[in-house]
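Enquirer: Predicted structure and sequence below. I'll ask about it afterward.
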Amino acid sequence: MPSIKEHTLHISASTEELEVIRTFVADHAREFGFGEAEISDITLCVDEACTNIIKHAYQWKKGKPIHIQLAMKGNEMLVTIIDEGKPFDPDKYEVPTLEEQLSQKKRSGYGILLIRKLMDHVEYLNRRSRNEIRMTKKR
Amino acid sequence: MSKFEIQKRSHSEVTILDIYGELDAHTAPVLEKELQQLIEKNFVHIVVNGSGLEYISSAGLGVFMAYIEDIRSQSGDIKISCLKPKVFNVFDLLGFPTLYDIVDNEDEAITRFK
């Protein structure tokens, strides 16, 4: 069995906390042995996922919980982010096109696209009013 | 907390925004307010110098997306210059270089308005 290293951050859903979240993720990704480019990718994806939780799941209501867990198993990092807000249905997600977004003055949907492009695997789970995003990145 | 700052300069009809720090969902409203004020004053020839920009998320990119049509409809544009490679990478992943002028240096960005 490969050894598992884990770190957890419990934080209040607010954009004020995004910098704390990024520092937490970057520090531990570095400790897990990722290179700087991969650290930037993982950090951005966690920021995007948490921003979506703040914006969509909690609709900007402050003080709601976000739990972030980082685990390194073998050469793979698993990021788990849990919230208790409105669930996200990935089946209803449509990949935005930049031309359409500009003409319609929209600006949403890009966080998920970045996560899909930069992480190796992403899945969304919903259990008893808890939403869970799991994403993995290989070193 | 994320830190983000804008300093403004003028070069003939071009307004240059030097942006510093981290542009995320927390700091995006600062850039948004600046662009709104420039549009209101019809200062729509805008060069963004991103040499001091350390980080951008899609919330930051969203600000560029939200105002570009208004700016172009007033015969203006936003030219983006001097991005660090890791910041440019985020613009690139979402296809920005096909719809925005993103150049290596500020002088080239200014020249594109001539």
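Expert: That came through fine.

Enquirer: For the helix or strand encompassing A:Phe24, name the packing helices and strands.
Expert: Using DSSP states H and E, A:Phe24 sits in helix A:18-31. On a contact count with 3 or more CB pairs under 8 Å, 6 or more residues apart in numbering or on different chains; DSSP states H and E, helix A:18-31 meets strand A:4-12, helix A:36-52, strand A:65-73. No exception for glycine: its C-beta is placed from N, CA and C like everyone else's.

Enquirer: Quick one: closest of those to chain B.
Expert: In terms of CB to the nearest CB, the element of the helices and strands packed on helix A:18-31 nearest to chain B is helix A:36-52, at 4.5 Å.

Enquirer: ok so, going back, any idea which of the helices and strands packed on helix A:18-31 gets closest to A:Phe88?
Expert: helix A:36-52 (7.1 Å; CB to CB).

Enquirer: Quick check: which of the helices and strands packed on helix A:18-31 is buried the most?
Expert: Highest mean neighbour count among the helices and strands packed on helix A:18-31 (mean count of other CB atoms under 10 Å in any protein chain shown): helix A:36-52, with a mean of 22.

Enquirer: could you give me the average pLDDT of that one?
Expert: The average pLDDT for helix A:36-52 rounds to 97.

Enquirer: tilt between that helix and helix A:18-31?
Expert: Comparing the axes of helix A:36-52 and helix A:18-31 via axes from the mean of the first three to the mean of the last three CA atoms, to 10 degrees yields an angle of 150 degrees.

Enquirer: which parts of chain A sit against chain B?
Expert: By CB under 8 Å from any CB of the partner chain, the residues of chain A that approach chain B are A:15-16, A:18-19, A:22, A:36-37, A:40, A:44, A:47-48, A:51, A:54-55, A:98-99, A:101-103, A:105-108, A:110-111, A:113-114, A:117-118.
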